[in-house]
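Student: Structure for the following, please:
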Amino acid sequence: MTVERLNEMLGDEHRSTLTEVESKELLAAAGIPVVETRLARDRREAAATGLSMGFPVALKICSPQIVHKSDCGGVRLGLNTPEEIQEAYDGIMEAARRHHPRAVIHGVAVQKMAPPGVETIIGVSRDPHFGHVIMFGLGGVFVEVLKDVTFRIVPVTPKDAQEMITEIKGYPLLCGYRGRDPVNLDALADLICRVSALVGNDPRISELDLNPVFAVRRGP
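Tutor: So this is what the prediction gives:
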């Protein structure tokens, strides 16, 4: 990523939130693994993008004003044909405009379906007294219900990251259970450190949520 592109995304004082496509571009430039994601501005472009990526794919509404995409019907998963993508695109647009009539909608994010794994969350917020604070825990749609998370002040060390992983109640899920493969704990700890470095190096980032982070054997 060029400095000009970074400043374009983070330097506009009138913008408060990056889109998912922009966020993943920023994360990838920082060495943080993300699924392939491209912006499609209409139903035909969405279908062509999905076809070029290879099925199955997911569609998500792309708007800086719509943060909780699932809540407004802005997500479709497991799409396997161009026809399914076009139908999903129309449904997403209709639902998004109904729930958020004033939102600026760029299109949809087309992305490869991620392999299943343990859903975790890595989040960052900026505390007025301590600066950036990083969070790790079980993620997915139940994060606000389970609240199985732990915190550290940025920057975190590899030791800090490893301790964060072992502190959550769901830690046994990451170690393998009922015949399931354990996840790559070292790679997960490295990811926490990379996110810490990203926000620590750029004070313009005030908040960041990676949810879900799929933890699997080969890495998150």
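
Student: just checking, next helix/strand downstream of the helix or strand bottoming out on mean pLDDT in the chain?
Tutor: Of all helical and strand segments in the chain, the minimum by mean pLDDT, DSSP states H and E falls on helix 3-10, at a mean of 67. As assigned by DSSP states H and E, the chain's next helix or strand after helix 3-10 is helix 20-29.

Student: If you count neighbours, what's buried in stretch 117-137?
Tutor: Buried residues in stretch 117-137, counting neighbours by 16 or more other Cβ atoms under 10 Å, are found at 117-124, 132-137. The C-beta positions use only the backbone N, C-alpha and C, and glycine is treated the same way.

Student: One more: stretch 55-72?
Tutor: For stretch 55-72, burial by neighbour count (16+ other Cβ under 10 Å) applies to 57, 58, 59, 60, 61, 62, 63, 64, 66, 69, 72.

Student: Go through the residues you listed and name the one nearest residue 145.
Tutor: Closest approach between the buried residues of stretch 55-72 and residue 145, by Cβ to Cβ: residue 69, at 18.4 Å.

Student: From what I see, the closest one and residue 60 are in contact.
Tutor: Yes. If you go by Cβ atoms under 8 Å, residue 69 and residue 60 touch, sitting 5.2 Å apart.

Student: and for these two, which residues touch both?
Tutor: Residues touching both residue 69 and residue 60 by Cβ atoms under 8 Å, 6 or more residues apart in numbering: residue 75.
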